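Student: Provide a 3D model corresponding to the input given below.
(2 chains)
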Amino acid sequence: MAIDVRIPTILRSYTGGAKAVAGAGDNLAELLTNLDGTYPGLRGRLITPEGGLHRFVNIYVNDEDVRFLGSLDAKISDGDTVTILPAVAGGAFGLAAAAAVLGR
Amino acid sequence: MLTIHREIIEAIVAHARRDHPDEACGVVAGPVGSDAPQRHIPMENAERSTTFYRFDSTEQLRVWREMDDLDEEPVVIYHSHTATEPYPSRTDISYAGEPNAHYLLVSTRDERTAEIRSFRIVDGQVSEEPVQLVGESMDAMRSYEESGDPHAVQSFMFGQSPAAVDYECQR
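Tutor: The predicted model follows:
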């Protein structure tokens, strides 16, 4: 048994195009380290240099966002499915801030 | 170029108007590789903010799985700007994580004319593309039937075109 990991389109360049890969580990941090051994660079797209979960991605263990499960400490067992999705967010804040700076 | 059905654009603008002054957001799904947006899915803005939007992560997982089961992908990802132009902000660009998607922006800053623009955002590079509408305008027909006034619906403005396009019944 292993952990089934679903890879989003934008990160499939790291997995040779694979949509799902297998990994191992008792928690999310271990799983990501394990995956990075097979798919170098993948971990760096999910974890910030400071060691936290990147805000541009959502990671789920089965149906639950890991932010509600202790983030990188989230427990994982064989047979679980881990899904990685790009966070979809944005908005005019950048524009509004720029306009304020320019005095418009 | 984004080719999209009029009815879907009308539904997106209606969603943006409904949530104004908060930003509205959502997806239009279509078969993988088809580049054809077919199924409009309005999403919750978890931030409920006038300047920021974020898909609720639990709703997003459900919707993305549903698309996966139906062999669909997010062909269009849209959101509204409610006081500024419909152009991707730095925040929009840094978050753009679906390289195959058309990023559609709607501005509701004007009450009568919705401004609509579409972009590709790949590796931080933004390129604007034209929007082509296909199909009939159901809103315009309904509105015309009810009021007899072909201009009863609001007008839309696409891209940087200086001319507002009035919606009229297609004959």
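Student: got the buried residues for stretch A:14-22?
Tutor: Buried residues in stretch A:14-22, counted by 16 or more other CB atoms under 10 Å in any protein chain shown: A:14-15, A:21. Backbone N, C-alpha and C define where each C-beta goes, glycine included.
Student: next one: stretch A:72-91
Tutor: A:72, A:74, A:76, A:80, A:82-91.
Student: filter the residues you listed down to the ones close to chain B.
Tutor: A:83, A:85-91 (CB under 8 Å from any CB of the partner chain).
Student: can you list these in TSV and add secondary structure?
Tutor: Converted to TSV, those look like this (DSSP: H, G, I helix; E, B strand; the rest coil):
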residue	secondary structure
A:Thr83	strand
A:Leu85	strand
A:Pro86	strand
A:Ala87	coil
A:Val88	coil
A:Ala89	strand
A:Gly90	strand
A:Gly91	coil
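Student: Export those residues as a markdown table, with columns for distance to B:Glu85 and pLDDT.
Tutor: Shown next, in a markdown table, are these (distance: CB to CB, whole Å; pLDDT from 0 to 100):
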| residue | distance to B:Glu85 | pLDDT |
| --- | --- | --- |
| A:Thr83 | 35 | 98 |
| A:Leu85 | 29 | 97 |
| A:Pro86 | 24 | 95 |
| A:Ala87 | 24 | 94 |
| A:Val88 | 21 | 95 |
| A:Ala89 | 19 | 94 |
| A:Gly90 | 14 | 92 |
| A:Gly91 | 13 | 88 |
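Student: Which one of the residues you listed is nearest to B:Val76?
Tutor: Nearest to B:Val76 out of those is A:Val88 (CB to CB; 11.8 Å).
Student: Was I right to think that closest one contacts B:Gly97?
Tutor: Yes - if you go by CB atoms under 8 Å, A:Val88 and B:Gly97 touch, sitting 7.2 Å apart.
Student: per-residue confidence for residue 76?
Tutor: You didn't pick a chain, so chain A it is. Note on A:Ile76: pLDDT of 97.
Student: Can you look at chain B instead?
Tutor: pLDDT recorded at B:Val76 is 98.
Student: Skipping its backbone neighbours, what lies nearest it in space?
Tutor: B:Val28 (3.9 Å; CB to CB, 6 or more residues apart in numbering or on different chains).
Student: cool, and A:Asp65?
Tutor: Distance criterion CB to CB, 6+ apart; nearest residue to A:Asp65, sequence neighbours excluded, is B:Ser57 at 4.5 Å.
Student: okay, now the one you found: neighbour count?
Tutor: Neighbourhood size, B:Ser57 [other CB atoms under 10 Å in any protein chain shown]: 20.
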